[in-house]
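**Q** no sequence for this one, just the structure:
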């Protein structure tokens, strides 16, 4: 029994990331939900903006200011690029122990040049990277006061390729094609995201290595490769598919040497044996996004295409759950010293 | 702290109703999941049949027999029509205290003639009806050893019209058009339920009062009307819409006298003020199925169309959750004397 | 062989109505596509705005002005409310014979008070109403120089109820619940129309008789009823369902006297026997929107619910095709003296 | 003006391929639709089986026999594997000039060993391959009496990579990930194809080079590569995405030398400059499946990912139209000496 529950604020509570953080926090036994803030939506009721969060229906969004967000143990940020750094700094001046968990991209990259190339602005810095399942990350997240939540594509793509890259099973020349539901684009009202446009439609975008998640994937996998990040080439193509949630990433690379499907499966199974949220499916069963909807689980499968000389791995994740808000809550648990799985589930919602 | 957890079996664990019961039970703090059975799927792993239920992935379905199901405190039945009665009887001979909760239709109707007309077989009997929110039902469910879980359409249609009928606001001549996701039809592999057929398509079926849920709606509302069931006319048309889950019911009836929208809203709000799962939305906010997905909540709204002289009420429910499995768990809680909301949520999954 | 083809302009060519007019005109043997105009999109290429219209990919949108639109035989207008009247007037001053076909609402209603109540502005007037299948309309459309294309909901709802109302089979108290795909809301970028919001979701809107198509339905059916428009009560509820196109309207009314399903079916079949685009399905087959996608057909079915004492009719239409652009082309054919079906089809695209 | 129209029969008229052939033939000015046959559906009305084909609603399916199919100028076959060869042989004995167009796989592959490996049965032979846009194919199709319609994935994948492979822009090591709508799986009633399963879901299948379309892609591209088929490695992964129609193929290969995106685009544009149905989009515009729905068009785009050292090409096709039935009609036109585009369109149906 805790003397008092952790008091949590969410900035950007009207968006998809903020809404999913709240959905998960409503089932978290150790937190109390404090201030909820928005920008253009400040003053509106959450019951209108996020009608699925019934227990919070009467909450009114406040403006996203330090005064509103100060006084909480944990602050989740779901803000546009460039706003998180200054806000976190000011919050720490009020309370040095505050945990700030940023669902945005500002602090994910270590390479300032890559940041500037892909985001077109000055690099803000680097915070502990919230993918505890990659080697070395978990320790940095325990007790952290800052967390950069990974991008949704990098989460599933990195987990799907990490065992192969780390074990040297493949050449450092990976190809990733990842199909995402539309919520990955956020709640921005753009014509190509209208239901009339996306239903019945699949499209590619950010083709040719220009998507902002490319350097993040390179950073994650490059660190694992024996020859370092410079050796790693990543071809990443995102697809928009007609579903609200979920990412399915198809990842492959040329084999570095002889390898059977069984051996690849064994390497993957071993790599994630102790992970509560990463599950390598039994041989022959392939991931589907629906099996992970709403859950913090990542489903993986791997095989070897002998004729093509490639290892092929497929991963499924809910972009809003483990791909964003679930990772954020998982990292909060690590930061606070709670059991890592508190308030999180591996049960998806299907059909 | 309980000395021991309730041991629960699920017959029909490979179907949609059984899968959803299991999804909810995996989050229920007081139960232990025992035997899982199937018919043609006996011998198969749940990890293949229901890959979203990751914690149960290694479970193997057993055949649906009394020997397998005996020895549990609660048995959920998700079986084809006509099988539940004999099975429940045999289970009670083994253990008089066993709670049997039938997700099928066998024991929902009181009127044997209506049963025979709509189902074409002999009436099996009547069990306590698992919609505690209708007057008189909750008491019969407390400590019950048998529960007939309501149909999905009757759940939302009855709740959407009950306050108006009970308060005499409308004439007993109701029109219900209810749009349902495809999981309401179960996992039966029929050509018209193929994804290629249902995506991008809306159709009507069972038109003209022939759908089997019609007499169940009549039974629920007829009991509430001052002039009794005979006075009540129900026109019910179900629609199949391209989504996996959810029902939106549009219900209307001619006004019995002068009534404003505000008065109607007040009657509804008052009627459900103490209900944990039935929520009348603020005036001007209309239900949408997405807000209740996966939750046990029912969202309602009501207004008055002065020009047409009708009260119009709209309700949203997740057909698999509160519409089937959530009601089943809610009734299990009542039967066992647990708090009614244990393991159930009013938080939906959106977007 | 014609000496010269009809020269056609489309104002609002970047929207859904304009795009569908162009899709149909590209298959029309008697027209030549002239100026295409837009408002905020002027200067953009149609290949980007409407990539499905490949033969027009290199066309550039011009601004919507009289100078641009003048000099065509036919001008289709897909504009916001309030703009069509002045534009048509100016075009006629340039060329008295120009045919102006308005896909908007400005000239649909005869009742100025109804217009003002539902649209909140001054009534612009009334043009020949482009639903030739209703009694009296076709003659007014032959050779017309102005056409008001009907609303999508009124088209299918009126056709589904007209035979019953005209033959006095029902009491003048109709209930319509119509499920529409999202393109009915146009290309407006509003949050609730985002793919993430609409996929997996069904919602009701405009409940209680406040939708602007209500008076149009009343106008169409009131004219057919023996007791006139004043006697007719219309309860209309639109639903938004997760598909891009299509409307399924479920319509019912209390029986005026004894009637069998067979008699109702015979009345409907007879009523539309000579219509090329309105098809009463064989008894027992119910309409589905997918069967009419892209086509100019309306599928209807009717039955009698004896227990409820109601006639129930269901109609399916493609809201963009026969519900808007198909009707516009059909009316152009009538206006120009071409065979009414020229360039139009009763073949849908499924699955 | 033709003296008489070509008389056409369709075997397998209740399936998706057969239905789409009929949809296109209904708009073809030179054909008369003769016998329609089915297997288990023989005796049923097309109005029930394919309600979108309204002009054929009263047609009754006959059994698929030589007696029924004989006497037509052209016979389209949409049959299970292994049935087409004997049927074609018998038809030719009745009428040596009959054109048989097989929508199935039996006669697509030249390599008997590849056939046996992937299909598990004896190789039936090889017919002219119905993808006229690949070098050398069109001449073989002119006046042909047999046509093997290509698979849907091979159509778009081969067209997306052919210019790069033929021009030696890439190394012979291609990776294809292709997302398909569900109609590609046909009308087979399998649990994983139910709407409840596929909506909101993306999954991979046939991973690791085991999908039957793999050798067909290898055959098409291997022929174009300077070093011949043996040099070519193809990694092909199909995805099932929640839409009824359409394929989007993302294809890439390592660059063979220096190449800019502009140079790649120029090569592609030049390669298809004279093709009526293959359209390379303007630079910066990426294909989407919705733009080609119902049309015979293939939309392509290509770029270079310098950091990854790969050429990336994306193609969109309607799997049932140009991916099956459209190609079949296009090949019929070639076989009969009609203009190749007769009855076919490059206009898609959107939104």
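**A** In hand now; what should we look at? Worth saying up front: this structure is predicted, and the values here are computed from it rather than measured.

**Q** okay, the residue lying closest to residue A:200 once chain neighbours are set aside: pLDDT?
**A** In this structure, residue A:200 finds its nearest non-sequential neighbour in residue D:243, 4.7 Å apart by Cβ to Cβ, 6 or more residues apart in numbering or on different chains. Any C-beta I mention is one placed from the backbone N, CA and C, and that applies to glycine too. pLDDT for residue D:243: 98.

**Q** Phi and psi next, for residue D:243.
**A** With angles defined as degrees, to the nearest 10, residue D:243 sits at phi -150, psi 150.

**Q** wait, is residue A:67 part of a helix?
**A** Yes: applying DSSP: H, G, I helix; E, B strand; the rest coil, one finds residue A:67 inside a helix.

**Q** Count the residues that sit near it.
**A** Counted with other Cβ atoms under 10 Å in any protein chain shown, residues neighbouring residue A:67 total 11.

**Q** for residue A:220, same thing?
**A** Using other Cβ under 10 Å, residue A:220 has 27 neighbouring residues.

**Q** Go ahead and confirm it touches residue A:131.
**A** Yes: counting by Cβ atoms under 8 Å, residue A:220 does reach residue A:131; the two are 7.1 Å apart.

**Q** Which neighbours do those two have in common?
**A** By Cβ atoms under 8 Å, 6 or more residues apart in numbering or on different chains, residue A:220 and residue A:131 have these common neighbours: A:150, A:154, A:158.

**Q** name the element the first one belongs to?
**A** Which is residue A:150. Residue A:150 is part of no helix or strand when elements are defined by DSSP states H and E.

**Q** give me every residue that touches the residue of the stretch 1-150 of chain A found nearest chain D.
**A** Of all residues in the stretch 1-150 of chain A, residue A:117 sits closest to chain D, at 9.8 Å by Cβ to the nearest Cβ. Counting by Cβ under 8 Å, 6+ apart, residue A:117 touches residue A:215.

**Q** sorry, back to before: and the residue nearest to residue A:200, how far from residue A:96?
**A** To residue A:96, residue D:243 is 51 Å away according to Cβ to Cβ, to the nearest Å.

**Q** So which bits of the stretch 1-150 of chain A are right by chain B?
**A** A:16, A:19, A:23, A:26-27, A:45, A:47-48, A:50-55, A:57 (Cβ under 8 Å from any Cβ of the partner chain).

**Q** What distance do you get for the nearest residue to residue A:307 once chain neighbours are set aside to residue A:187?
**A** Leaving aside its chain neighbours, residue A:307 sits nearest to residue D:209 (5.1 Å; criterion: Cβ to Cβ, 6+ apart). As for residue D:209, its distance to residue A:187 is 40 Å (criterion: Cβ to Cβ).

**Q** quick one: low-confidence ranges for the stretch 151-300 of chain A?
**A** For the stretch 151-300 of chain A, applying pLDDT under 70 flags no range at all.

**Q** So which residues of it form strands?
**A** Secondary structure of the stretch 151-300 of chain A (DSSP state E, counting those that start in this stretch): strands located at A:173-180, A:203-204, A:233-240, A:247-254, A:278-280, A:298-305.

**Q** need those in TSV with mean neighbour count and distance to residue B:309, can you?
**A** Output for those, formatted as TSV (neighbours: other Cβ atoms under 10 Å in any protein chain shown; distance: least, Cβ to Cβ, whole Å):
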stretch	mean neighbour count	distance to residue B:309
strand A:173-180	28	49
strand A:203-204	24	48
strand A:233-240	25	47
strand A:247-254	29	51
strand A:278-280	24	58
strand A:298-305	26	54
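
**Q** Now do the helices in the stretch 251-351 of chain A.
**A** Using DSSP state H, counting those that start in this stretch, the helices of the stretch 251-351 of chain A run over residues A:261-271, A:326-336.

**Q** Does chain D have contacts with the first one?
**A** Just to be clear, that refers to helix A:261-271. Yes: residues of helix A:261-271 contacting chain D under Cβ under 8 Å from any Cβ: residue A:261.

**Q** Please spell out which residues along that helix are buried.
**A** A:261, A:264-265, A:267-269, A:271 (16 or more other Cβ atoms under 10 Å in any protein chain shown).

**Q** Pick out the most distant pair among those residues.
**A** Taking Cβ to Cβ, the two most distant members of the buried residues of helix A:261-271 are A:261 and A:271; they sit 15.7 Å apart.

**Q** Which positions in the stretch 151-300 of chain A make contact with chain C?
**A** Taking Cβ under 8 Å from any Cβ as the measure of proximity, the stretch 151-300 of chain A contacts chain C at A:181-183, A:185, A:187, A:189-191, A:193-200, A:242-244.

**Q** Now residue A:36: phi and psi?
**A** Torsion angles, degrees, to the nearest 10, at residue A:36: phi -120, psi 130.

**Q** And the pLDDT at it?
**A** Looking at residue A:36, the pLDDT reads 98.

**Q** From residue D:234, how far off is the residue sitting furthest away from the middle of chain A?
**A** Distance from the centre of chain A peaks at residue A:307, with 33.8 Å (Cα atoms, centre = their mean). Distance, residue A:307 to residue D:234, using Cβ to Cβ: 8 Å.

**Q** With residue A:113 instead?
**A** Taking Cβ to Cβ as the measure, residue A:113 falls 36 Å from residue D:234.

**Q** Name the SS class of the closest residue to residue A:105 other than its chain neighbours, please.
**A** Counting by Cβ to Cβ, 6+ apart, residue A:81 is the residue found nearest to residue A:105 once chain neighbours are left out, at 6.0 Å. The local conformation at residue A:81, judged by three-state DSSP, is coil.

**Q** and residue A:81, what is it in contact with?
**A** Residue A:81 neighbours (Cβ under 8 Å, 6+ apart): A:104-106, A:119, A:121.

**Q** Helix, strand, or coil at residue A:35?
**A** Per three-state DSSP, residue A:35 ends up strand.

**Q** And the residue nearest to it when sequence neighbours are not counted, how far from residue A:93?
**A** Using Cβ to Cβ, 6+ apart and skipping the chain neighbours, the partner closest in space to residue A:35 is residue A:9 (4.2 Å). When distance is defined by Cβ to Cβ, residue A:9 is 16 Å away from residue A:93.

**Q** neighbour count winner among the two?
**A** Taking other Cβ under 10 Å, residue A:9 and residue A:93 do not tie; residue A:9 has more neighbours (24 against 11).

**Q** ok, that one - contacts?
**A** A:34-37, A:68-69, A:72, A:74-76.

**Q** switch the cut-off to 6 Å
**A** Residues near residue A:9 by Cβ atoms under 6 Å, 6 or more residues apart in numbering or on different chains: A:34-35, A:69, A:72, A:75.

**Q** Please apply the same query to residue A:63.
**A** Per Cβ under 6 Å, 6+ apart, neighbours of residue A:63: residue A:42.

**Q** List of residues touching stretch A:14-34?
**A** Contacts with stretch A:14-34, where a contact means Cβ under 6 Å, 6+ apart, come from A:5-10, A:12, A:38, A:41, A:49-50, A:53, A:55, A:72, A:76, A:78, A:103, A:183, A:186-187, A:320, A:324-325, A:328-329, A:338, A:343, B:347.

**Q** Next: stretch A:332-350.
**A** For stretch A:332-350, contacts defined as Cβ under 6 Å, 6+ apart pick out A:27-28, A:30, A:74, A:99, A:101, A:141-142, A:144, A:276, A:290-297, A:326, A:329, B:23, B:26, B:52, B:54, B:294, B:349.

**Q** for stretch A:175-183, same thing?
**A** Residues from elsewhere that reach stretch A:175-183, judged by Cβ under 6 Å, 6+ apart: A:16, A:153, A:157, A:193, A:198, A:235-239, A:241, A:243-252, A:320, B:351, C:195-196, D:175, D:177, D:179, D:202, D:250.

**Q** about what we covered before: pLDDT value on the residue nearest to residue A:35, please?
**A** Residue A:9 is assigned 98 on the pLDDT scale.
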